[in-house]
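Need a 3D model of the sequence below.
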Amino acid sequence: MRVDTPQNIAQINKELSKQLTNVKRELKNVHVLSKQVHNALTNLQGQQVLQNIQGPLPVNGNFQSNVAGPVLLIVSGSGFSATPSTAIGLSIAVDGTIRGISQFFANAASTHQTFPSTFLVLRLPPGPHKVTIAALANTSTDANDHYNVVTLQLQSLT
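Residues are numbered from 1 along each chain as shown. As a prediction, the model looks like this:
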């Protein structure tokens, strides 16, 4: 059985005061972070680089990076394999350098399938850039395949 002596009450009040100070500090940090996130989302800039562009590959698109910093590149598309049980895919190049791939194992032959959507975070200098989507080995594309590329200029939260 605990006895609430003046010393115990003083100790409890002291501990509660410390905890309250810590909670206030954390709430202030959350408030600052939420302002930073709000500002970053408010200033989010995106571009539809390719919108439902018909194949075959390769296809190209141009976009503008307005500030130095990270750019999120989102790529989707489709393709097929002429032979069954084959790995197929596409490469994603920016300014002539391959920055990513999207691939999967095609079990069926001559069946158009969607490649996994690919999300790439790239550090690019400000200015114009060119994205190229090209077929990997064993990958076929034709006018029944379509491609999309979107960019989002990301803002730093620091």
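
where does the helix or strand harbouring L120 sit relative to the chain's centre, distance-wise?
Counting by DSSP states H and E, the element that carries L120 is strand 118-124. Strand 118-124 has its C-alpha centroid displaced from the chain centroid by 7 Å (CA atoms, centre = their mean, to the nearest Å).

so what strands line up beside that strand?
Partners of strand 118-124 in the sheet, by DSSP bridges, are strand 69-76 (antiparallel).

Next, the buried residues of the partner strand.
Of the residues in strand 69-76, 71, 73, 75-76 count as buried by neighbour count, 16 or more other CB atoms under 10 Å. Any C-beta I mention is one placed from the backbone N, CA and C, and that applies to glycine too.

now the helix or strand V149 falls within and strand 118-124, what's the angle there?
Assigned by DSSP H and E, V149 belongs to strand 146-153. Here strand 146-153 runs at an angle of 40 degrees relative to strand 118-124 (axes from the mean of the first three to the mean of the last three CA atoms, to 10 degrees).

residues making contact with strand 146-153?
The contact list for strand 146-153 (CB atoms under 8 Å, 6 or more residues apart in numbering) reads 44-55, 57, 59, 61, 63, 65-67, 69, 71-78, 131, 133.

What subset of the residues you listed is buried?
Buried among those (16+ other CB under 10 Å): 47, 49-50, 53, 55, 57, 59, 61, 63, 65, 71, 73, 75-78, 131, 133.

related to what we said a few turns ago, after the strand holding L120, heading C-terminal, what element do we hit next?
Assigned by DSSP H and E, the successor of strand 118-124 is strand 127-135.

For that next one, name the packing helices and strands.
When contacts are defined as 3 or more CB pairs under 8 Å, 6 or more residues apart in numbering; DSSP states H and E, strand 127-135 sits against strand 45-54, strand 59-65, strand 69-76, strand 86-94, strand 146-153.

start to end distance for stretch 63-74?
End-to-end span of stretch 63-74 (CA to CA, to the nearest Å): 13 Å.

about what we covered before: list just the nearest of the buried residues of strand 69-76 to N107.
S76 (20.5 Å; CB to CB).

give me the beta-bridge partners of that closest one?
With DSSP bridges as the rule, S76 is bridged to N148.

close enough to count as contact, it and T114?
Yes. At 7.1 Å, S76 counts as touching T114 under the criterion of CB atoms under 8 Å.
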